[in-house]
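# pasting the structure only:
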Ligand SMILES: Nc1ncnc2c1ncn2[C@@H]1O[C@H](COP(=O)(O)OP(=O)(O)OP(=O)(O)O)[C@@H](O)[C@H]1O
Ligand SMILES: [Mg+2]
């Protein structure tokens, strides 16, 4: 799917997030569940993949890509599903689940099933974005809260995936250490901050992320990288990545925070190019 259309959907997603205003649901819909290290997101789209509802909660139930607090994760998923049910006057009974590359998909599957839902399909997170954007040649780099995930496509097939434990948490920790403030305060400063004052402090973390990308992509001739994940919201991150890896075209979607959740929910609206 063209980036322009995905960007339109991301704009809609941004308006919809945690909006409880009731709307009539179409006859058929799809549900995706993203169990991230920072956010858990339940997304409902229509049959074409247009977002209808999205509920998101900051969660400390996943660390380094792995669910550490099952009960906490299940409670949040149940709550978000209930909100989606109420907004759309539907009863969600199944969902598309996701997992970070290299981790055991049964972990996410267990959380979703124990939330009372059937797992219709399960896909790794960056590969869901490859699929939504129908990338034939290139890669997706998803820099989330706890991890950086990668998926490489060649001739329309996914040929490599990986996940490394470096993400936005490390950016926040670096700010907290530098300014001698709490994690929560540092998180606020980061999200509202401008690149000018913070960049000198956190640039080394972005360079480390570039090292991860370089290391994993070194044996592939990748010319285009699409970014996803909340950490890519930080103004100026793309400049650092471009400086570090200049021979690649970096593409930043309108709202990278919502791209992976949208892609997971859209799984069944897109063709398997592989
Ligand atoms: N405006 C912003 N500027 C900088 N960072 C941001 C911004 N908004 C969100 N973030 C960061 O994005 C991260 C969350 O992104 P995302 O929701 O993609 O992660 P996740 O999917 O929960 O984690 P993972 O994919 O690593 O499991 C957090 O570290 C958060 O601080
Ligand atoms: Mg994520």
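It's in. Given the structure is predicted, the values throughout are model-derived calculations rather than measurements. Residues are numbered from 1 along each chain as shown. Ligands and ions are numbered 1, 2, ... in the order given.
# Wasn't residue 215 part of a helix?
Yes - according to DSSP: H, G, I helix; E, B strand; the rest coil, residue 215 belongs to a helix.
# Give me the phi and psi angles of residue 234.
Here is the backbone geometry of residue 234 (degrees, to the nearest 10): phi -70, psi 130.
# can you check residue 246 too?
phi -80, psi -20.
# Count the neighbours of it for me.
Neighbourhood size, residue 246 [other C-beta atoms under 10 Å]: 8. Every C-beta, even on glycine, is put in place using the N, C-alpha and C of the backbone.
# what's the spacing between it and ligand 2?
Distance, residue 246 to ligand 2, using C-beta to the ion, to the nearest Å: 26 Å.
# again, but for residue 144
3 Å.
# Quick one: residues contacting the nearest residue to that residue once chain neighbours are set aside.
The shortest distance from residue 144 to any non-neighbouring residue, by C-beta to C-beta, 6 or more residues apart in numbering, is to residue 229 (4.3 Å). Counting by C-beta atoms under 8 Å, 6 or more residues apart in numbering, residue 229 touches 141, 142, 143, 144, 148, 149, 167, 168, 256, 257, 259, 260.
# Quick check: which element contains the last one?
The secondary structure element spanning residue 260 is helix 256-265 (assigned by DSSP states H and E).
# How about the second one?
Residue 142 belongs to strand 138-143 when assigned by DSSP H and E.
# Could you name the specific helix or strand carrying the nearest residue to residue 206 once chain neighbours are set aside?
Nearest residue to residue 206, sequence neighbours excluded (C-beta to C-beta, 6+ apart): residue 240, at 4.2 Å. Using DSSP H and E, residue 240 sits in helix 237-244.
# buried stuff in whatever helix or strand comes next after that helix?
Downstream of helix 237-244, the next assigned helix or strand under DSSP H and E is strand 249-251. Neighbour-count burial for strand 249-251 flags residue 250 (criterion: 16 or more other C-beta atoms under 10 Å).
# what's the model's confidence in strand 249-251, averaged?
Averaging pLDDT along strand 249-251 yields 98.
# Sheet partners, orientation included, of that strand?
When pairing is defined by DSSP bridges, strand 249-251 lines up against strand 224-228 (parallel).
# Verify the contact between residue 170 and residue 206 for me.
No - using C-beta atoms under 8 Å, residue 170 makes no contact with residue 206, being 10.0 Å away.
# on that earlier part again, which residues are contacting the helix holding residue 240?
Contacts of helix 237-244 from elsewhere in the structure, counted by C-beta under 8 Å, 6+ apart, are 143, 199, 203, 206-207, 209-211, 213-214, 227, 231-232, 250, 252.
# Near ligand 2, which residues of this structure are found?
Within the chain, the positions near ligand 2 by C-beta under 5 Å from the ion are 36, 144, 260.
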